[in-house]
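Novice: structure of the sequence below:
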Amino acid sequence: IFKFLGAISVDLGQDRIKPYLPTILTPLYRELNSNYAEQDPTLKNLSQEIIELLKKLVGLEAFSLAFSSVQKQANQKRAMRKKQRALQTVANPDIAARRKLKRHKNKAETRKRKIESLHPTYKAKRHRSHSLKDLAMVE
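Specialist: Here you go, the predicted model:
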């Protein structure tokens, strides 16, 4: 898709690409600023190359305006999600408590996996449920 965006940009030319610049920059910006553990470095390099191509194509001023608007929009979305999460914690404490328990459980499992990878002879204790409630579909 990034290659397609680059090809369309070059094909449209300097004047016709300007209205579509924020739309094109949004996925490129998202890829550049992502911090996923399993991120593909080739995608990051490709998005950087296309950003440089767009910068040369439309000029630094127009590019900077579009890029800053995309940046501002992404930061607003991030702030809105954070605010909604905080409001949900207050409005629905039971859901927030379940989310927190799940996060702590995942953290403990991650810690056990890390210890096992560092010390192959060590086996961390895993939670085993023996109750009938866990085995049967009760309630």
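Novice: can you give me the end-to-end span of stretch 51-70?
Specialist: Length of stretch 51-70, first residue to last, C-alpha to C-alpha, to the nearest Å: 13 Å.
Novice: before we move on, what about stretch 27-45?
Specialist: Length of stretch 27-45, first residue to last, C-alpha to C-alpha: 13 Å.
Novice: ok, then the element right after the helix or strand harbouring residue 45?
Specialist: Secondary structure assigned from DSSP states H and E places residue 45 in helix 41-58. Downstream of helix 41-58, the next assigned helix or strand under DSSP H and E is helix 60-91.
Novice: tilt between that following helix and helix 41-58?
Specialist: 130 degrees (axes from the mean of the first three to the mean of the last three C-alpha atoms, to 10 degrees).
Novice: quick one: helix 60-91 to chain centroid distance?
Specialist: Distance, stretch centre to chain centre, for helix 60-91: 13 Å (C-alpha atoms, centre = their mean, to the nearest Å).
Novice: what do you get for stretch 95-110?
Specialist: In terms of C-alpha atoms, centre = their mean, the centre of stretch 95-110 is found 20 Å from the chain centre.
Novice: next: stretch 16-33.
Specialist: The chain centre lies 16 Å from the centre of stretch 16-33; the measure is C-alpha atoms, centre = their mean.
Novice: give me the buried positions along that stretch.
Specialist: For stretch 16-33, burial by neighbour count (16 or more other C-beta atoms under 10 Å) applies to 17-18, 21-22, 24-25, 28-29, 31. Backbone N, C-alpha and C define where each C-beta goes, glycine included.
Novice: on that earlier part again, neighbouring contacts of the helix holding residue 45?
Specialist: Around helix 41-58, the neighbours that count as contacts under C-beta atoms under 8 Å, 6 or more residues apart in numbering are 2-3, 5-6, 9-10, 13-14, 17-18, 21, 24-25, 27-28, 31-32, 63, 66-67.
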